[in-house]
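Asks: Need coordinates for the below:
(one chain, ligands or ions: 1)
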Amino acid sequence: MSYRTEEVAYVQPAQPAASAQATQQKRSTAEYRALDAAHHIHPFSDMGSLNRSGSRVIVKAQGVYLWDSDDNKIIDGMAGLWCVNVGYGRKELADAAYRQMQELPFYNTFFKTTHPPVIELSALLAELAPEPFNHFFYCNSGSEGNDTVLRIVHQYWATQGKHSKKFVISRKNGYHGSTIAGGTLGGMGYMHEQMPSKVENIVHIDQPYFFGEAEGNLTPEEFALARAQQLEAKILEIGADNVAAFIGEPFQGAGGVIFPASTYWPEIQRICRKYDILLVADEVIGGFGRTGEWFAHQHFGFEPDLITLAKGLTSGYVPMGAVGLHDRVAKAIIENGDFNHGLTYSGHPVAAAVAVANLKLLRDDKIVERVKTDTGPYFQKKLRDTFANHPIIGEISGAGLVAGLQLAEDPKARKRFANGGEVGTICRDFCFNGNLIMRATGDRMLLSPPLVINKLEIDEIVAKAKYAIDATAQQLGIS
Ligand code: PXG
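Replies: Reported below is the predicted structural model:
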């Protein structure tokens, strides 16, 4: 079966200015592929098979669109890798980097020094984050952010004289990065298998994945409550005096855009408070407007002690991560001597200048507000209307501009495909051939477009997704 893009009904949005499409492309696709295969090892890839098929070479981007080296125009339903919140081609960010590179391309923040960009960024984050978050530590990625979280958590309990609090509880099918600590915190089995020596004292509880894991007649709210109560059981098993922290993504991103029911996070917070355990929200995907709130924990209505930030902090234009500390944690870290942690590029001036420009755009252009009141509700409704009663869509999760579409053999009975991963790959390939970037995690199809997307572009994404999902159902012989 062929995938014909001309059959997708959508209105073509305005094209970006020709100058914005100028590219530095210098080689043919075949040359790029040959050199890539000869010298580049890609993340999370089977390189043998990738080198045989060849990568898609992306050469330029504008707004919510990418162009490949064969000049195909592709709509980016994933904002790069959940990060290009302000969209591609924002001159404000490029100018900020250029200016900062000329003025002070690098200086460190060790040894009693600081610089204006990191000062401005910290003050701005304190303004944008919920009230108790007034202090920020910087790194280069979400993974390093979660490594930093572990350092802060252990330092915090040392300052409280509670040296036995060493265990950190995380969740199966959570994602917290790919450094050794990040990978151990995460609950992706394949990453654990690959790395025999892990960070000690990290244990996992089950995820709040209703569609895939709820048994019997539990409602989503009852199921979410039961999954949250696994935290209490685990704390009692280990002993509250031995537990330092619980970490979770407010909604699981890489794990399939798993949105817990409203009962989940208040119960997690209650348990953390009851047993004096720090609550860490990994906001690497959820932060900076994705759900229509500045931070996803605000969407779910809970108050963490630490937040991990990356991705949307700079909209991915340059690498940067950070950890936000609640006042009560910050106070303990600040008033108790050395905190022995830092990276050469902690608070890098160029990254900080870009982050400031990015956050000002999100705030002053009211991009986050628009996701909450306009484009987010439109996107969610459009998806739900389009896929209501679809023969292979079992659930649509999400809020704002993030969504997970569950592929299912029998949606009403919550019966998943026995070969779900293969079905997801079939669907992903239909998207790919139709010039839509949509991510497959097993049998869930994920969308997380740039936050500047307009309604016509949302229509285009949903129409292309519908075409790919219909084609998948047809290939499976389901109608
Ligand atoms: N926490 C969360 C919640 C993430 O989603 C990280 C930490 C690690 O960030 P860095 O910057 O170290 O990658 C992430 C990253 C995917 C995918 O396929 C998701 C991520 C990274 C790569 C791929 O969905 N999230």
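Asks: contacts, neighbours, all on C-alpha from now
Replies: Noted.
Asks: Now the residue lying closest to S143 once chain neighbours are set aside. Its backbone dihedrals?
Replies: Distances taken as Cα to Cα, 6 or more residues apart in numbering put G177 closest to S143, at 4.3 Å, once the chain neighbours are dropped. The phi/psi pair for G177 (degrees, to the nearest 10) reads phi 120, psi -180.
Asks: okay, G177: pLDDT?
Replies: On the pLDDT scale, G177 is placed at 97.
Asks: how near is it to the ligand?
Replies: Plainly put, G177 is 3 Å away from the ligand if you go by Cα to the nearest ligand atom, to the nearest Å.
Asks: Then A228?
Replies: Using Cα to the nearest ligand atom, A228 is found at 19 Å from the ligand.
Asks: Work out for me the element that residue sits within.
Replies: helix 220-238 (DSSP states H and E).
Asks: Quick one: list the elements packing against that helix.
Replies: Contact partners of helix 220-238 among helices and strands, from 3 or more Cα pairs under 8 Å, 6 or more residues apart in numbering; DSSP states H and E: strand 202-205, helix 210-213, helix 264-274.
Asks: Tabulate those in a markdown table, adding columns for distance to S53, mean pLDDT and mean neighbour count.
Replies: Shown next, in a markdown table, are these (distance: least, Cα to Cα, whole Å; pLDDT from 0 to 100; neighbours: other Cα atoms under 10 Å):
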| stretch | distance to S53 | mean pLDDT | mean neighbour count |
| --- | --- | --- | --- |
| strand 202-205 | 37 | 97 | 19 |
| helix 210-213 | 32 | 97 | 16 |
| helix 264-274 | 43 | 98 | 18 |
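Asks: looking at these, which is closest to V153?
Replies: strand 202-205 (12.8 Å; Cα to Cα).
Asks: That closest one packs against which elements?
Replies: strand 167-171, helix 180-185, helix 220-238.
Asks: In JSON lines, list the helices and strands packed on helix 220-238 along with distance to the ligand.
Replies: JSON lines is the format used below for the helices and strands packed on helix 220-238 (distance: least, Cα to the nearest ligand atom, whole Å):
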{"stretch": "strand 202-205", "distance to the ligand": "16"}
{"stretch": "helix 210-213", "distance to the ligand": "19"}
{"stretch": "helix 264-274", "distance to the ligand": "16"}
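Asks: Ok, which of the ones you listed comes nearest D70?
Replies: Using Cα to Cα, the nearest of those to D70 is helix 210-213, at 39.4 Å.
Asks: Now tell me what touches the closest one from outside.
Replies: Helix 210-213 is contacted from outside by P220, F223, A224, P260, G394, E395, R414, R416, using Cα atoms under 8 Å, 6 or more residues apart in numbering.
Asks: Report the distance from that helix to the chain centre.
Replies: 21 Å (Cα atoms, centre = their mean, to the nearest Å).
Asks: Same question for stretch 384-391.
Replies: With Cα atoms, centre = their mean, you get 25 Å for stretch 384-391.
Asks: Enumerate the positions of it that are buried.
Replies: R384, F387, H390, P391 (16 or more other Cα atoms under 10 Å).
Asks: could the contacts of helix 210-213 go into a markdown table alongside pLDDT, distance to P349 and neighbour count?
Replies: Converted to a markdown table, the contacts of helix 210-213 look like this (pLDDT from 0 to 100; distance: Cα to Cα, whole Å; neighbours: other Cα atoms under 10 Å):
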| residue | pLDDT | distance to P349 | neighbour count |
| --- | --- | --- | --- |
| P220 | 98 | 45 | 19 |
| F223 | 98 | 46 | 23 |
| A224 | 98 | 42 | 24 |
| P260 | 98 | 37 | 25 |
| G394 | 97 | 46 | 23 |
| E395 | 97 | 43 | 21 |
| R414 | 95 | 50 | 19 |
| R416 | 97 | 48 | 19 |
